[in-house]
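sequence and predicted structure, then a few things I'm wondering about:
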Amino acid sequence: MRFQSLMSVGLVLLTSCAWFREVDQSRPVPPPGFIALFNGRDLDGWKGLVGDPISRKGMAQEELAPAQAQADAEAHGHWRVENGVLVSDGAGPHLCTAKDYGDFELRVDWMIEPGGDSGIYLRGTPQVQIWDTFSGDPATQVGSGGLYNNQQSPSAPLVAADRSPGEWNTFRIRMIGERVSVWLNDRLVVDDVVLENYWDRSQPIFRSGAIELQTHGSKTRFRNIFLREIDADED
């Protein structure tokens, strides 16, 4: 009887350990010094997009609160988590971090389908471009990673470093002040370029703002979304 009891306890412990391993494996593990913006399970820490940084600033709280609630509900209808991956169906509002960030380094994996088009907004401003470089469209053949909406500063990436649609790509994005550097699959594609203020080109980029994942008509997947905040005096 005692042996059977010990066996039962052992089976419970083994089952518990297996469960913890499964849970741990579902959680993204950030590099040292980084935090995980996406927990691999749900949309905790994210919200739906309301307007733009300038229009939101002009909204009274009694106007903003219901607009945010509606945007959150719509985002949950178009963004979902599948096997630890954040998936957009290409419709609905952008997905934004609940917290604003100033200077930072962002690392994120992304995947598009053939003909896909998406992007990552920095401080709520468009955008580090994502698209299908292999589509045959001359406009996309420059590659992903460029600061698409720039007019005065360079907008195209230095090289095309994309992997084919259906494969994972990795961005490393570093933003200090108004300047952005982007590495795509470990290749430098944007080298310390000013990100222009799309919302008001007479002003410099906002000092802080949300990270946004764009919806642009095609299914896009994101995973391993890690961020490190950078102190103002850090090189």
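Structure received.

from residue 48, how far off is the closest residue to residue 123 other than its chain neighbours?
Using CB to CB, 6 or more residues apart in numbering and skipping residues adjacent in sequence, the residue nearest residue 123 is residue 209, 3.1 Å away. All C-beta spots, glycine's among them, are computed from the backbone N, C-alpha and C. Taking CB to CB, to the nearest Å as the measure, residue 209 falls 15 Å from residue 48.

quick one: which of the two has more around it?
More crowded of residue 209 and residue 48, by other CB atoms under 10 Å: residue 48, with 23 against 20.

roughly how far does the more buried one sit from residue 90?
Distance, residue 48 to residue 90, using CB to CB: 15 Å.

what does residue 106 give?
Residue 106 sits at a distance of 22 Å from residue 90 (criterion: CB to CB).

when those two are compared, which one has more neighbours?
Neighbour tally, residue 106 and residue 90, criterion other CB under 10 Å: the higher count belongs to residue 106, 21 against 18.

could you check what's spatially nearest to the more buried one, not counting adjacent residues?
Among residues not flanking residue 106 along the chain, residue 173 sits closest, at 4.4 Å (CB to CB, 6+ apart).

any idea which element the one you found lies in?
Counting by DSSP states H and E, the element that carries residue 173 is strand 169-176.

got the buried residues for that strand?
Within strand 169-176, the residues that qualify as buried are 169-176, counting by 16 or more other CB atoms under 10 Å.

same deal with stretch 173-190?
For stretch 173-190, the neighbour count (16+ other CB under 10 Å) marks 173-176, 178-185, 188-190 as buried.

and the residues you listed, which is closest to residue 158?
Distance to residue 158 across the buried residues of stretch 173-190 (CB to CB) is lowest for residue 189, with 5.3 Å.

and the angle for the helix or strand hosting that closest one with strand 169-176?
Using DSSP H and E, residue 189 falls within strand 187-194. Here strand 187-194 runs at 30 degrees with respect to strand 169-176, directions being taken by axes from the mean of the first three to the mean of the last three CA atoms, to 10 degrees.

tell me which other helices or strands strand 187-194 touches.
Counting contacts by 3 or more CB pairs under 8 Å, 6 or more residues apart in numbering; DSSP states H and E, strand 187-194 packs against strand 179-184.

give me the sheet partners of the strand it packs on and which way each runs.
strand 169-176 (antiparallel), strand 187-194 (antiparallel) (DSSP bridges).

so for stretch 213-231, what's the average pLDDT?
The average pLDDT within stretch 213-231 is 96.

quote the end-to-end distance of it.
24 Å (CA to CA, to the nearest Å).

list the buried residues in that stretch.
Here stretch 213-231 shows 213-216, 218, 220-228, 230 as buried, counting by 16+ other CB under 10 Å.

for the strand holding residue 173, give me every contacting residue.
The list of residues contacting strand 169-176 from outside it, by CB atoms under 8 Å, 6 or more residues apart in numbering, reads 103-111, 120, 122-123, 128, 144-145, 162-163, 180-186, 195, 224, 230.

mind running it again at 7 Å?
Contact partners of strand 169-176, identified using CB atoms under 7 Å, 6 or more residues apart in numbering, comprise 103-111, 122, 128, 145, 162-163, 180-185, 230.

beyond the lowest-mean-pLDDT helix or strand in the chain, next helix or strand please.
Least confident helix or strand, the chain: helix 2-26 with a mean of 45, by mean pLDDT, DSSP states H and E. The helix or strand immediately downstream of helix 2-26 is strand 35-36, counting by DSSP H and E.

what average pLDDT does that next one get?
The average pLDDT within strand 35-36 is 98.

tell me where this protein has helices.
With DSSP state H, the ranges of helices along the chain come out as 2-26, 53-57, 61-78.

contacts only, for the spatially most central residue of the chain.
Nearest to the mean C-alpha position of the chain, by CA atoms, centre = their mean, lies residue 213 at 4.9 Å. Contacts for residue 213 (CB under 7 Å, 6+ apart) come out as 88, 94-95, 120, 222.

cool, thanks, signing off.
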